[in-house]
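Trainee: Return a 3D structure for these sequence lines:
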Amino acid sequence: MGAGRVLFRSPFRLNAVAGILYLMMPMAAIAQKSLPDFFSIHGKLVTHRYSHTSDSIQEGDIVELRDEKGIPVWFAQDVHRNVCATGECRKVDLRIYWDGAGQYLGFKELGGPLTKADHTHFDKDDYETLHRILSDSASVLKSTTPDDLLSERQSPGEKPDAISGATRSDLADYLVRQAAFTTHTLWHIVYGPTRSAILKILDERGNETYLKLLFAHGDVNRKWWALGFIANHPGYRKAFLEDIIGLTKEAHEHVSRRAMKLVVSDLNQPAVQTRMAAMVDELPDLHKFDLLWKLAELNEVEVETVRLLLEKFDQQKLEVRLLGYVYDLIGADKIKMPSIERYLKKFLVHDNLYVRTLTRRRLGM
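Mentor: Presented below is the predicted three-dimensional model:
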């Protein structure tokens, strides 16, 4: 295995995988990226047979590295492929890594450097551009074919990628210059059949024991995957409700958003309503709106839910701008209840004119 360039996504991920990656990389490769020393991390390599009609020749089996608890740290696949355009081919020899949740992590060269249509090697900026493009799962490349890369103004016989303007100008930000076909090919490998196979491997492993391990794990992407698994297997919702609710406060937005989506779908349950109302001040601002909006859509909101929200406002833990949304939850059946009425009377003499006005309107005064 030759020494080659190594690129990984998101610095916070390196702490979890760097030591294990040392075990598989030659020293020359390590020298190109100053990785911290995590030799204390150990793992077990597992090989998954991979076969796909269109890719079985070019791509090898999927290798998984599991930690001592059996949680996947990363998946990898060696890619040996000729990327061809107009009869000219360029060899691609890479090892592509996905993290333990099936998200793109990075790549390592196995042979020589990547080359462009003019036979020059990728430089540092080209590698960083490629890495950025491969990190974007929502790239416009998802809906493009190789033929879509060609400029409509291309002259007959002109070589794609050979000169500036050979590829469509509107795709320039999504391709490495003079390496459009290589970029496109690698993106579709990263997000194609191999990744689907990895997600299937993970899905088949899902059970209550495995989910407990993931929720106890420090890595947010494992938790993100667990939330997605529960969304597709609602039978696990009840057992992991507290874990899900706790993740609505997660600092990483993609995790908290997925957790919140699960929670609001269960807001018809009184216990979920009151639990969320009791911690509304701990939620990100966007989730506060989501919670109040979804509560307003319900046919029935618990009195205790409304009382808790009014209490949060009285304690200055809920913003003034959200009070109107809380008042929308107070129907005619609740407005005279002692636990609600005492807060409304108190807010009638509030220091804030807007609060006093809003309260008078709610009381029909």
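Trainee: in this protein, which segments are predicted with low confidence?
Mentor: 1-42, 52-59, 85-88, 151-169 (pLDDT under 70).
Trainee: Could you pick out the longest strand of it?
Mentor: As assigned by DSSP state E, the longest strand anywhere in the chain is strand 72-85.
Trainee: Packing partners of that strand?
Mentor: helix 11-22, strand 59-66, strand 88-99, helix 180-190, helix 193-205 (3 or more C-beta pairs under 8 Å, 6 or more residues apart in numbering; DSSP states H and E). C-beta coordinates here come from the backbone N, C-alpha and C atoms, glycine included.
Trainee: which parts of stretch 343-353 are buried?
Mentor: Y343, L344, F347, H350 (16 or more other C-beta atoms under 10 Å).
Trainee: before we move on, what about stretch 306-325?
Mentor: Buried-residue list, stretch 306-325, by 16+ other C-beta under 10 Å: V306, R307, L308, L309, L310, K312, F313, L318, L322, L323, Y325.
Trainee: What of stretch 236-252?
Mentor: Residues of stretch 236-252 classed as buried by neighbour count (16+ other C-beta under 10 Å): Y236, F240, L241, D243, I244, I245, L247, T248, E250.
Trainee: and which of the residues you listed is nearest V190?
Mentor: Taking C-beta to C-beta as the measure, E250 is the one of the buried residues of stretch 236-252 closest to V190, at 25.5 Å.
Trainee: That closest one in helix, strand or coil?
Mentor: With DSSP: H, G, I helix; E, B strand; the rest coil as the basis, E250 sits in coil.
Trainee: Now Y343. Nearest residue, chain neighbours left out?
Mentor: Among residues not flanking Y343 along the chain, L310 sits closest, at 4.1 Å (C-beta to C-beta, 6 or more residues apart in numbering).
Trainee: How is the one you found classified with respect to secondary structure?
Mentor: helix.
Trainee: 30 is where my numbering starts, stick with that
Mentor: Sounds good: first residue 30 from here, last item L339.
Trainee: pretty sure it contacts K374?
Mentor: No. Contact criterion C-beta atoms under 8 Å: L339 and K374 do not qualify, at 11.3 Å.
Trainee: thinking again about what came up before, CSV for the buried residues of stretch 372-382, including distance to I218?
Mentor: Formatted as CSV, these follow (distance: C-beta to C-beta, whole Å):
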residue, distance to I218
Y372, 59
L373, 61
F376, 60
H379, 61
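Trainee: Restricted to helices, list these.
Mentor: Among these, the members falling in helices (DSSP state H) are Y372, L373, F376.
Trainee: So for stretch 316-329, what gets flagged as buried?
Mentor: The neighbour-count check on stretch 316-329 (16+ other C-beta under 10 Å) flags H316, K317, D319, L320, L321, K323, L324 as buried.
Trainee: Residues contacting it from elsewhere in the structure, which ones?
Mentor: Residues from elsewhere that reach stretch 316-329 (C-beta atoms under 8 Å, 6 or more residues apart in numbering): 277, 285-286, 289, 293, 296-297, 302, 305-306, 309, 312, 330, 334, 338, 347-348, 351, 354-355, 357-358.
Trainee: Any chance of a ChimeraX selection covering the buried ones in the residues you listed?
Mentor: To isolate the buried ones among the contacts of stretch 316-329 in ChimeraX, judged by 16+ other C-beta under 10 Å, type:
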select :277,285,286,289,293,296,302,305,306,309,312,330,334,338,347,351,354,355,358
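Trainee: And the helices in the stretch 180-329 of the chain, which stretches?
Mentor: 209-219, 222-234, 237-245, 249-261, 270-276, 282-293, 299-307, 314-325 (DSSP state H, counting those that start in this stretch).
Trainee: would you list the ones you listed in JSON lines and tack on distance to S164?
Mentor: Listed next are the helices of the stretch 180-329 of the chain as JSON lines, based on distance: least, C-beta to C-beta, whole Å:
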{"stretch": "helix 209-219", "distance to S164": "9"}
{"stretch": "helix 222-234", "distance to S164": "13"}
{"stretch": "helix 237-245", "distance to S164": "23"}
{"stretch": "helix 249-261", "distance to S164": "13"}
{"stretch": "helix 270-276", "distance to S164": "23"}
{"stretch": "helix 282-293", "distance to S164": "13"}
{"stretch": "helix 299-307", "distance to S164": "33"}
{"stretch": "helix 314-325", "distance to S164": "24"}
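Trainee: quick one, which of the ones you listed is packed in tightest?
Mentor: Most buried of the helices of the stretch 180-329 of the chain, by mean neighbour count (mean count of other C-beta atoms under 10 Å): helix 209-219, with a mean of 23.
Trainee: Now do the same contact list for the most centrally placed residue in the chain.
Mentor: Taking C-alpha atoms, centre = their mean, the centroid of the chain lies closest to H283, which sits 5.4 Å from it. Taking C-beta under 8 Å, 6+ apart, we find H283 in contact with W253.
Trainee: now do S166
Mentor: S166 touches Q132, Y133, Y220, counting by C-beta under 8 Å, 6+ apart.
Trainee: can you pull the contacts of the last one?
Mentor: Applying C-beta under 8 Å, 6+ apart to Y220 gives the contacts Y133, S166, K171.
Trainee: what's in contact with stretch 253-271?
Mentor: Counting by C-beta under 8 Å, 6+ apart, 129-131, 231-232, 235, 237, 240, 243-244, 272-273, 276, 281, 283-284, 287-288, 290-291, 295, 301 sit against stretch 253-271.
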